[in-house]
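Q: Pasting the sequence and the predicted coordinates here, then a few questions.
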Amino acid sequence: MALVSDAISHAVLPGIVLAFLFSGSRDSLTMVVGAGILGLLTTFLIEFFHKKAKLQSDAAIGVVFTWLFAIGVVLISLFAGKVDLDQDCVLYGEIAYTPLDMIILENGNLLAPKAVVVMTSVLLIIGIIITLFYKELLLTSFDPGYATAIGFSTAFWHYLLMGMVSATTVASFESVGAILVVALLIVPPATAYLLTDNFKRMLWLSSLIGVIASASGYYLAVWMDGSIAAAIATMSGVLFAGAFVFSPTHGLLKRKLVRAMN
Amino acid sequence: MEAVNAVKAPALEVHDLTVAFDRKPVLWNIDLEIPQGKLVGIIGPNGAGKSTLIKSIMGLLPLSSGYCKLFDESIDKVRHRISYVPQRESVDWDFPVSVLDVVMMGRYGKLGLLKRPRQADIDVAMDCLKKVGMESFANRQIAQLSGGQQQRTFLARALAQQADIYFMDEPFAGVDAATEKAIISLLRTMTANNKTVIVVHHDLQSVSTYFDWVILLNTRLVAYGPTERIFTQEKLQETYGGKLTLLSDVGDLIRRENFPNRE
């Protein structure tokens, strides 16, 4: 399931290009809408190939996202070659430029960087959805068969969850690029999973780990004078490795210790 | 097929049910009625469609034809009265939740949207854990449970729903003998309170002591009805026909005359 976010982050490319071609502008709202539709289409196609064509889910993910991403690349080279929608930017992003893209109020004052406003709204919306529908999301993720039997619409909650993943991906990758989106969507939760057995604590912990990775990665990049996105992804990998070895519940050391004691 | 006199106010009716995967029928033209308050075993060889039968009754699988009714209503109208114990392997036991978290899921259906579980729900969940002898494991992470404990956790979750009909898919798989006894006596108290319990079962030895009714299944319905009338040598051979290893099991059983009539 973790790789669905990877798939979405790449597969939204044709959505962005098509939104640009239809609207003729690089206004971020149309792009987010275009990308969001493609994000949901991606999860739908993955489910479809997995369930109907009996493809393994990893194979279904691989087929769908490479195909959609390739269509995006073809569309760019055919129709948008002269516009600044280049693939490097889409893939790697450039977080260093986000402060330059400010929202300017009518009286000429600067409000805040656009990315901050967009990401804060996404954070709020997702926070509210998780708070309100925590039990439904937990139940349908843990045991979809039982959930369906007792009358919960597993499909609805699944697509709501995947909709949130696509919204997050689309909103973030404009500023940080597809690769860092994947790093931050998957690695902090995986780290938190190694650190706790409690689902709520895992949600908070993964947010905290994401913040720590971003902040420490930023200072690492300043110190090295290197790519910020790469440094953040590196730091999240380092944190994961730390949890893998030192976690008090599932860590390598702890398991060795338990085995030695027995 | 053994005809059964029409059941009054049945808990479950199945009519002309056919289910196929890739155009191969797994269940063929099933017709049955189960009265309320019975402990019912679904018996048949591997691949006979036992799990498929309960899954399709609950609407988890698409039907090729036919329909099912529960308490004389379509399934979607009575979902709140239905409970399900899936096969243990159907979930990821490394999921970061505790035993109590899982049992609380049994209360979710009653709560409705936007409502959080209250103390009363926690009390019900703890009470159900006590019934299956798992109250001291409430805060244990589910990955640390043995197979039998996992099974009892699922059972407690089903109990917490306070439903009227329970579908259980191999609830005795990987369970030790003592636990199996405890579960059976629990199921007996449930049926004594007019709950209907339908169990997918594969151990022929225990059928006649456990179940009030049996459904003999092998893609098509061989027979269904009260155990002492239906669970006979002839019917079993019809169910397991062709499966030689199982036939010899049946032969052993019959030799030991292991089918006492239920009083």
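A: Structure's in. What do you need? From a predicted model like this one, the values you see are computed outputs, not experimental measurements. Numbers count the residues shown, from 1 in each chain, chains lettered A, B, ... in the order given.
Q: so where is the stretch 101-250 of chain A shaky, pLDDT-wise?
A: Across the stretch 101-250 of chain A, residues meeting the criterion (pLDDT under 70) sit at A:105-106, A:108, A:110.
Q: Up against chain B, what does it have?
A: A:132-133, A:135-136, A:138-139, A:141-143, A:145-146, A:148-152, A:193, A:196-199, A:202 (CB under 8 Å from any CB of the partner chain). (Glycine included, C-beta is placed from N, CA and C.)
Q: Whichever residue of the stretch 1-150 of chain A sits closest to chain B: what's it in contact with?
A: Nearest residue of the stretch 1-150 of chain A to chain B (CB to the nearest CB) works out as A:Ala149 at 3.9 Å. The contact partners of A:Ala149, taken as CB atoms under 8 Å, 6 or more residues apart in numbering or on different chains, are B:58-60, B:79, B:82-84, B:86, B:167.
Q: Ok, A:Gly237 next?
A: A:Gly237 neighbours (CB under 8 Å, 6+ apart): A:183, A:187.
Q: try 7 Å
A: Counting by CB atoms under 7 Å, 6 or more residues apart in numbering or on different chains, A:Gly237 touches A:Val187.
Q: how much space between it and A:Ser227?
A: Distance of A:Gly237 to A:Ser227, given as CB to CB, to the nearest Å: 14 Å.
Q: ok, now B:Phe167?
A: B:Phe167 is 55 Å from A:Ser227, by CB to CB.
Q: Also A:Gly210?
A: 18 Å.
Q: Kindly report the same for B:Lys55.
A: 51 Å.
Q: helix or strand right after whichever strand or helix holds A:Ala190?
A: Using DSSP states H and E, A:Ala190 sits in helix A:154-195. The helix or strand immediately downstream of helix A:154-195 is helix A:199-224, counting by DSSP H and E.
Q: To what extent is the residue of chain A found nearest chain B buried, counted in neighbours?
A: Closest to chain B within chain A is A:Gly151: 3.2 Å, counting by CB to the nearest CB. Around A:Gly151 there are 17 other residues, counting by other CB atoms under 10 Å in any protein chain shown.
Q: okay, and for the stretch 101-250 of chain B, where does confidence drop off?
A: Scanning the stretch 101-250 of chain B for pLDDT under 70 picks out the ranges B:242-250.
Q: make it 50
A: B:244 (pLDDT under 50).
Q: near chain A, which residues of it?
A: B:105, B:108-109, B:114, B:141, B:161 (CB under 7 Å from any CB of the partner chain).
Q: how about TSV for those, with neighbour count, secondary structure and distance to A:Ala233 added?
A: Output for these, formatted as TSV (neighbours: other CB atoms under 10 Å in any protein chain shown; DSSP: H, G, I helix; E, B strand; the rest coil; distance: CB to CB, whole Å):
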residue	neighbour count	secondary structure	distance to A:Ala233
B:Met105	23	helix	36
B:Tyr108	23	helix	37
B:Gly109	22	helix	42
B:Leu114	9	coil	37
B:Gln141	19	strand	30
B:Gln161	22	coil	45
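Q: Determine which two of these are furthest apart.
A: Distance extremes for these: the farthest pair is B:Leu114 and B:Gln141 at 28.0 Å, using CB to CB.
Q: who's the residue of the stretch 101-250 of chain B found nearest chain A bridged to?
A: Proximity of the stretch 101-250 of chain B to chain A (CB to the nearest CB) peaks at B:Gln141, 3.9 Å away. Taking DSSP bridges as the rule, B:Gln141 bridges to B:Ser98.
Q: Thought B:Phe231 was touching B:Tyr224, still the case?
A: No. Assessed by CB atoms under 7 Å, B:Tyr224 is found out of contact with B:Phe231, at 10.6 Å.
Q: residues touching residue 117, list them.
A: Defaulting to chain A. A:Ile103.
Q: should've been chain B
A: By CB under 7 Å, 6+ apart, the contact set of B:Pro117 is B:104, B:107, B:111.
Q: same thing but at 10 Å, please
A: A:135, B:104-105, B:107-108, B:110-111, B:124-125 (CB atoms under 10 Å, 6 or more residues apart in numbering or on different chains).
Q: Give me the pLDDT for A:Lys54.
A: Model confidence at A:Lys54, given as pLDDT, is 80.
Q: hang on, it in a strand?
A: No. Counting by DSSP: H, G, I helix; E, B strand; the rest coil, A:Lys54 is not part of a strand but coil.
Q: Can you get me a residue count around it?
A: By the measure other CB under 10 Å, the count of residues near A:Lys54 is 9.
Q: Do I have it right that it meets A:Phe48?
A: No. Assessed by CB atoms under 10 Å, A:Lys54 is found out of contact with A:Phe48, at 11.1 Å.
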